[in-house]
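S.K.: no sequence on hand, only this structure:
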Ligand SMILES: CC(=O)N[C@H]1[C@@H](OP(=O)(O)OP(=O)(O)OC[C@H]2O[C@@H](n3ccc(=O)[nH]c3=O)[C@H](O)[C@@H]2O)O[C@H](CO)[C@@H](O)[C@@H]1O
Ligand SMILES: C=C(OP(=O)(O)O)C(=O)O
């Protein structure tokens, strides 16, 4: 088992280059299935989830060329549908959440698609109703093999429709967009998710010849076209990684400049960290976080305790709440963290409590944090990473802590952060990857 050994307490210093966005990569890589032409994608993060998706594409017949690090060309002339129904595919496809987005483009281009129940983080129930209701609205038949845990969607022909999504699901919206770009007629998707990931997917599809309007809003209009062509696309910097580094800098009293963050695509992420009292300077497209001895959590205007909660974009992303929580443990003041979307994402606070943090887990969705104001450091300990964002939060806690920590199950961190140990060592972190 791979483990991180971390000696905490050193302030870090230097420039950090964010990787390409994981969640955008998973969408746009699936979108290459919509054309038989070459599609080149740059700034692909070479993280576990993305590498597994690329391997899956290879096994179903997609030709993949790695031009250089993070720069790939894909060609999906033919798809091996027999393999899509095989046991091996069931095993591979179940490994990550993002594989669910193979369905939309396969259904859109070939009128049939198969996928095992996908994996991803164990952070609560993650239903897929939105995806399948959308496909059914476009005229697809839906089958679920309960024994084999396997989904199939097929159609004679997809026909555009008005679809009001039950919830603004990110991967659900991406899937329905990809299914409808080649459908007959007009598709309207209302209550669509509009994260930068989705905006980027739509822009890429339009550059392939699709006709999508309303990009960035929750109402998308898609005029179906006959065929899509090849394109070149560059993935945005990962806003979740950027948020993670802001948290790391504050918690470890470090001065870090995050390079080329694409400010205009960060929504309210910088302001949410600022509400915890963290200074953040905009330097052209870089983000400078000065070393700070203390940071003080703001209150609401009526003087009541701050709540930070998640919401679909342009609300605050749920993927950064665990990081907000860990950073709050060393702030001055108190905050209520309310994770509305997922019901099992806050349980990792037990580990932080073991390390000395003052947290009351009110219920599975809410935790109150009473900050230690950097007066008492957390204590190093042994822990296991339960999910990707809890994992990075524990890593941040360990880097700030007094003494040595061990974090097991770091696969959960590698899933979403490329060579995180190497990149943090370059900033001065004492972190080693060990086999135990
Ligand atoms: C591969 C990928 O892109 N994963 C992201 C994607 O997952 P994913 O697309 O799987 O997540 P969804 O957007 O479908 O929903 C996430 C959870 O939030 C709930 N929900 C969603 C919308 C809503 O209006 N109300 C509501 O309660 C859903 O029931 C579900 O439990 O979006 C999530 C929500 O931003 C992120 O945490 C994941 O990192
Ligand atoms: C929950 C996440 O990932 P996934 O949807 O791939 O499990 C995440 O990126 O925080």
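M.R.: Yes, it's here. From a predicted model like this one, the values you see are computed outputs, not experimental measurements. Ligands and ions are numbered 1, 2, ... in the order given.
S.K.: please count neighbours and contacts with C-alpha atoms only from this point.
M.R.: Noted.
S.K.: residue 228: what's it in contact with?
M.R.: Counting by CA atoms under 8 Å, 6 or more residues apart in numbering, residue 228 touches 34-35, 182, 205, 208-210.
S.K.: around ligand 1, pick out the residues from the stretch 151-300 of the chain.
M.R.: 167-172 (CA under 6 Å from any ligand atom).
S.K.: if we use 8 Å, what do you get?
M.R.: The stretch 151-300 of the chain comes close to ligand 1 at residues 166-173, 193, 197, as judged by CA under 8 Å from any ligand atom.
S.K.: so among the residues you listed, which ones count as buried?
M.R.: Neighbour counting by 16 or more other CA atoms under 10 Å classes 168-173, 193, 197 among these as buried.
S.K.: so which of those residues are in strands?
M.R.: Nothing among those maps onto strands, per DSSP state E.
S.K.: can you list those residues in a markdown table and add pLDDT?
M.R.: Formatted as a markdown table, those follow (pLDDT from 0 to 100):
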| residue | pLDDT |
| --- | --- |
| 168 | 97 |
| 169 | 97 |
| 170 | 97 |
| 171 | 96 |
| 172 | 97 |
| 173 | 98 |
| 193 | 98 |
| 197 | 98 |
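S.K.: could you dump those to CSV with distance to residue 302?
M.R.: Putting those into CSV (distance: CA to CA, whole Å) gives the following:
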residue, distance to residue 302
168, 31
169, 33
170, 34
171, 37
172, 38
173, 37
193, 32
197, 35
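S.K.: ok, which of the residues you listed also contact ligand 2?
M.R.: Filtering these for neighbours of ligand 2 using CA under 8 Å from any ligand atom leaves an empty set.
S.K.: quick check, nearest of the residues you listed to ligand 2?
M.R.: Ligand 2 lies nearest to residue 171 out of those, by CA to the nearest ligand atom, at 8.4 Å.
S.K.: what sits against that closest one?
M.R.: Going by CA under 8 Å, 6+ apart, the list of residues near residue 171 reads 27, 98, 100-101, 131.
S.K.: from these, which ones fall inside helices?
M.R.: 27, 131 (DSSP state H).
S.K.: check the contacts of residue 171 one by one and keep those near ligand 2.
M.R.: Filtering those for proximity to ligand 2 by CA under 8 Å from any ligand atom leaves residue 98.
S.K.: quick one: contacts for residue 270?
M.R.: Residue 270 sits next to 243, 280 when contact means CA under 8 Å, 6+ apart.
S.K.: sticking with it, tell me its helix or strand.
M.R.: Element membership of residue 270 [criterion: DSSP states H and E] is helix 269-274.
S.K.: that helix: which residues count as buried?
M.R.: 269-270, 272-274.
S.K.: for that helix, the averaged confidence score.
M.R.: Averaging pLDDT along helix 269-274 yields 98.
S.K.: mind checking if that helix is in reach of ligand 2?
M.R.: No. Figure legend: helix 269-274 not in contact with ligand 2 (CA under 8 Å from any ligand atom); closest approach 14.7 Å.
S.K.: after that helix comes which helix or strand?
M.R.: Once the chain leaves helix 269-274, the following helix or strand, as judged by DSSP H and E, is strand 281-283.
S.K.: which other residues reach that following strand?
M.R.: Applying CA under 8 Å, 6+ apart, the contact partners of strand 281-283 are 287-289.
S.K.: nearest to ligand 1 among those residues?
M.R.: residue 287 (22.8 Å).
S.K.: which residues are in contact with the residue in the stretch 201-350 of the chain that ligand 1 sits nearest to?
M.R.: In the stretch 201-350 of the chain, the residue found nearest to ligand 1 is residue 341; the distance is 4.0 Å by CA to the nearest ligand atom. Contacts of residue 341 were listed using CA under 8 Å, 6+ apart, and they are 310-311, 318.
S.K.: and ligand 1, which of these contact it?
M.R.: Answer for those near ligand 1 (CA under 8 Å from any ligand atom): 311, 318.
S.K.: which secondary element of the protein has the worst mean pLDDT?
M.R.: helix 87-93 (a mean of 79; mean pLDDT, DSSP states H and E).
S.K.: now that one: buried residues?
M.R.: 89-90, 92-93.
S.K.: now stretch 370-384
M.R.: Neighbour counts over stretch 370-384 (16+ other CA under 10 Å) mark 370-374, 377-381, 383-384 as buried.
S.K.: for the closest residue in space to residue 160 that isn't next to it in sequence, what are its contacts?
M.R.: Once flanking residues are discounted, residue 160 sits nearest to residue 187: 4.2 Å by CA to CA, 6 or more residues apart in numbering. By CA under 8 Å, 6+ apart, residue 187 lies in contact with 160-163, 180, 221-224.
S.K.: low-confidence stretches in this structure?
M.R.: Along the chain, the parts satisfying pLDDT under 70 run over 119-123.
S.K.: quick check: domain ranges of it?
M.R.: As assigned by automatic domain parsing, the chain contains the domains 2-18+237-435, 22-234.
S.K.: endpoint to endpoint, the shortest one covers what distance?
M.R.: Right, the one you point to is domain 22-234. 13 Å (CA to CA, to the nearest Å).
S.K.: again with stretch 363-377
M.R.: End-to-end distance (CA to CA), stretch 363-377: 26 Å.
S.K.: for the residue lying closest to residue 415 once chain neighbours are set aside, what are its contacts?
M.R.: Ranked by CA to CA, 6+ apart and with sequence neighbours excluded, the top spatial neighbour of residue 415 is residue 48, at 4.5 Å. By CA under 8 Å, 6+ apart, the residues touching residue 48 are 414-416.
S.K.: do residue 225 as well
M.R.: 181-184, 209-211.
S.K.: please tell me how far it sits from residue 212.
M.R.: 10 Å.
S.K.: common neighbours of the two, please.
M.R.: Both residue 225 and residue 212 are in contact with residue 181, where contact means CA under 8 Å, 6+ apart.
S.K.: assign the residue sitting nearest the centre point of the chain to helix, strand or coil.
M.R.: With distances taken as CA atoms, centre = their mean, residue 23 lies nearest the centre of the chain, 4.3 Å away. Following DSSP: H, G, I helix; E, B strand; the rest coil, residue 23 is assigned to helix.
S.K.: look up the closest residue to it, ignoring the ones flanking it.
M.R.: residue 197 (6.5 Å).
S.K.: ok, now residue 100?
M.R.: Nearest to residue 100 is residue 118, by CA to CA, 6+ apart, at 6.2 Å.
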